[in-house]
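Colleague: sequence and predicted structure are below.
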Amino acid sequence: MIKGLRVFTLHLTTGINLMRALFVTGLIFALAACSSSVGRNVDTATVQKIRPGLTTRADLIAMFGPPDTESPYPNGQQLLMWKYSKARALATSAGETLTVQTKNGKVFNYTFSKS
């Protein structure tokens, strides 16, 4: 009788350890898959197509979509910003910011940064 009890205990212990391992593995995959992003990813190759003095506000919207922020300034100037950020549960966050200054509807300065 004791021999049969040992076999039952061994199977029960192995089953519990297997369930724990599966639970931990599932939890790790769930956390790794969790991510959130805000904004629209800015393509570096597209940023390189911006030409000060030639690229217009309409061109920018065609390339990147509507800006996240648009601020008017005196003398026909505008500041346009596109921002993208992504955060993951088990990794560092990443972000991109494209800032464009226009005057009378044409680009005169821009910066692009990645972090």
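Modeller: Thanks, I have the structure now.
Colleague: quickly list the domain ranges of the chain.
Modeller: Here the domain parsing of the chain from automatic domain parsing is 1-33, 36-114.
Colleague: the last one: end-to-end distance?
Modeller: Between the opening and closing residues of domain 36-114 we find a distance of 17 Å, counting by CA to CA, to the nearest Å.
Colleague: same question, stretch 55-74
Modeller: 20 Å.
Colleague: got it, and stretch 62-73?
Modeller: Using CA to CA, first and last residues of stretch 62-73 are 22 Å apart.
Colleague: in that stretch, what's buried?
Modeller: Met63, Phe64, Pro67, Asp68 (16 or more other CB atoms under 10 Å). The way it works is simple: take the backbone N, C-alpha and C, and place the C-beta from them, glycine included.
Colleague: ok, for the last one, nearest residue in space, not its chain neighbours?
Modeller: The spatial neighbour of Asp68 that comes closest, neighbours along the chain excluded (CB to CB, 6 or more residues apart in numbering), is Lys83 at 5.0 Å.
Colleague: please enumerate the strands of the protein.
Modeller: 35-39, 69-72, 77-88, 94-103, 106-114 (DSSP state E).
Colleague: tell me, how many residues neighbour Glu96?
Modeller: Counted with other CB atoms under 10 Å, residues neighbouring Glu96 total 20.
Colleague: and Val42, by the same measure?
Modeller: 20.
Colleague: my read: it touches Gly65, true?
Modeller: No: here Val42 lies out of contact with Gly65, judged by CB atoms under 8 Å, at a distance of 9.8 Å.
Colleague: now for the two: what residues contact both?
Modeller: Trp82 (CB atoms under 8 Å, 6 or more residues apart in numbering).
Colleague: just the pLDDT for Phe112.
Modeller: For Phe112, the pLDDT comes out at 96.
Colleague: for it, list each beta-bridge partner.
Modeller: Leu98 (DSSP bridges).
Colleague: what residues does it make contact with?
Modeller: Contacts for Phe112 (CB under 8 Å, 6+ apart) come out as Val42, Thr44, Val47, Glu96, Thr97, Leu98, Thr99.
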